[in-house]
Every structure is written in structure tokens, then in C-alpha cells.
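In: No letters, just coordinates:
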């Protein structure tokens, strides 16, 4: 990975400041002023325990509670409870390698894919990774975990996502996006990690294209504004590398949105197996790293069922 040096005025570089929990008692690894730029080195979710040489046995040996590896926390001067931290994602540099794993008990179809599996990926010169010949996924790097400390004391896992962020796994937080987080504690105490080369909305097998990133952020305090939960703005299409050739889509109506999602993903796995010659395992992995889950219609009442769709960009099948 190319270690990008800070190139802007009032900029900082942060590395080797790793931890695995949000905790408002942690000493800041770095203190910055509002408007400063920080270049942050992040490790894959398990803190470097998975490498290009790792095997499925290494994956099976991982402790579940040793995820996610975070870099930080960063104390932002003048940030106070009730403020908003504005995070401009200025740049993202990435490795040419990633991994995707299946863990027993994790994922939308965990009852159907109950064994450990490790998929290693290498980035090609076309900025895509290849699942098999004729199936290539374009990359759009982002951090799966971005969050500030919350006011409850003690150590807290990055999951589930909370009002102050955490494992939000929002694939639209790419270069050029602005994220807003509510501040609960003095200084905000921002930490980031869980780098991804790409991910589908839903990350349905439980992992994406997991990798190491160097992320450049501009951090600014917004006074006089309060938000309930994370918000973000994009300034260009965040799916531009997948759009243009249409989608394959499956769907499921019903009263239970989680079951609807399971059915829609299962039908997509069946479709990819039948129409594109993928194995069920390959199809499930592809759904997690490239497919998008959507709630088209929510469950609005006892007599109104919901409708979930799952879409796969046809561009991944370009030879």
C-alpha cells in the first residue's frame, strides 16, 4: 500500500493507534482543530490477522470479539455534546488485495451456508476483482466503521450500529462523500476502520471485500445543529461503476422484512446458479460484495405487507 503523506495545511498523519472497542475513557491518539485534515492508516477488520497468505483454518481460529480493528480515537477541539461532527472524505488509498469470509451463524442465509469459507481476491489493472472468469466486481473503497464515542461508560463493540455511528457499513461513504455524526462526548473521539474495497448494500454473507485502507478526512465541528443519527451527503453517483448495463432483480412480499430479505437473496442465488453457472457458494459471495438489498415497500399495518428487492448489476458479468 502506498502510504500517502499529508499534503494540506493543518494536516496530521495517524497510524499504529489501534483498538477494538468504542470507549469514552480512551486517551486520544491525536488532537486536532476544527477544519484540520487527518490521514489515517487502517487495518483489515481483524487488525492484520488475515493476510494474503491466510487459509480457511486461520479464519476459523479468529475470536469473534476481536473485530473490528479501529484507528483512533481523534479528539476534535471545540466539539461538545449536542454538536455535529462533519467528516469530509477527501481521499481513500487501498491495497491490491482483499478477503471475504463466511462464518457459521453469520449472514442472511447462515442456515444454508454453515461452514467456514475464505475467499482471497487480487485487484486487477482494470480496478476490479475476479470471482471467476467472466465475473468481475468493480471497487469503490470505503470504511465500514466510522463513529464517535457515546456517553455510556465502558467498552462497547462496534456492532450493532448506533446513533453515533459504528459498524454502519454504508457503501456510499466513498471518496467525495460527507458524513455527519452527532457528538455525545467532549472532543467527539472519532475512530474508523473495517476497510472495504467494495460491498453490496446489505453485506448479506456478513463480510465484504475486506482490506487495509489509508483514509484522508477533513474534520469540522458544526455548532448550532443537532441530529438524531448519522446523515451523509453525496456529490456524485456512488454506484457509477456498476450502473449503465441494468440489473438482475429478485423480490419477496410478506409481513416479515427479514424473511423477505432471505427469500430475495435465496432467489438471487438460485438465479445466478441457474442462469450464470455459478456455484451456490460463489453466488452467495457475489451477493454480499456486489448485490443491493432494498425495502421497496415497508410493512405499514396488519393488512399491508412489505416488499423487498435484491438487485445484481449486470456489469459484473462483462468479460
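Out: Looks like it arrived, so ask away. The structure displayed is predicted, hence computed values, not measured ones. Numbering: from 1, shown residues only.
In: C-alpha from now on. contacts and neighbour counts both.
Out: Will do.
In: just checking, what packs against the longest helix anywhere in the chain?
Out: Identified as the longest helix of the chain according to DSSP state H is helix 257-276. In terms of contacts (3 or more Cα pairs under 8 Å, 6 or more residues apart in numbering; DSSP states H and E), helix 257-276 is packed against strand 247-254, helix 280-290, strand 306-313.
In: rerun at 10 Å
Out: strand 247-254, helix 280-290, strand 292-297, strand 306-313 (3 or more Cα pairs under 10 Å, 6 or more residues apart in numbering; DSSP states H and E).
In: Of all the ones you listed, which one is nearest residue 133?
Out: For residue 133, the closest of the helices and strands packed on helix 257-276 is helix 280-290, at 12.0 Å, according to Cα to Cα.
In: Give me the angle between the longest helix of the chain and strand 247-254.
Out: Angle of helix 257-276 versus strand 247-254, following axes from the mean of the first three to the mean of the last three Cα atoms, to 10 degrees, is 140 degrees.
In: who's the nearest residue to residue 218 once chain neighbours are set aside bridged to?
Out: Using Cα to Cα, 6 or more residues apart in numbering and skipping the chain neighbours, the partner closest in space to residue 218 is residue 37 (4.3 Å). Counting by DSSP bridges, residue 37 forms beta bridges with residue 11, residue 218.
In: ok, and what's touching the one helix or strand residue 129 maps to?
Out: In this assignment (DSSP states H and E), residue 129 forms part of strand 128-132. Here strand 128-132 makes contact (Cα atoms under 10 Å, 6 or more residues apart in numbering) with 96-98, 119-124, 135-140, 197-198, 209, 241, 278, 282-283, 285-286, 316-317.
In: Among those, which ones are in strands?
Out: Per DSSP state E, strands hold the following members of the contacts of strand 128-132: 97-98, 119-122, 135-138.
In: Make CSV out of the residues you listed and add neighbour count and distance to residue 28.
Out: Listed next are those as CSV, based on neighbours: other Cα atoms under 10 Å; distance: Cα to Cα, whole Å:
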residue, neighbour count, distance to residue 28
97, 19, 30
98, 25, 29
119, 17, 35
120, 21, 34
121, 19, 34
122, 16, 35
135, 18, 44
136, 22, 41
137, 26, 37
138, 23, 36
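In: quick check, nearest of the residues you listed to residue 54?
Out: residue 120 (8.6 Å).
In: Do I have it right that that closest one meets residue 101?
Out: Yes. Because the distance of 8.8 Å satisfies Cα atoms under 10 Å, residue 120 is recorded as touching residue 101.
In: which neighbours do these two share?
Out: In terms of Cα under 10 Å, 6+ apart, residue 120 and residue 101 are both contacted by the residues 56, 209-210.
In: Nearest to residue 49 among the helices and strands packed on helix 257-276 would be which one?
Out: Here helix 280-290 is closest among the helices and strands packed on helix 257-276 (Cα to Cα), at 20.7 Å.
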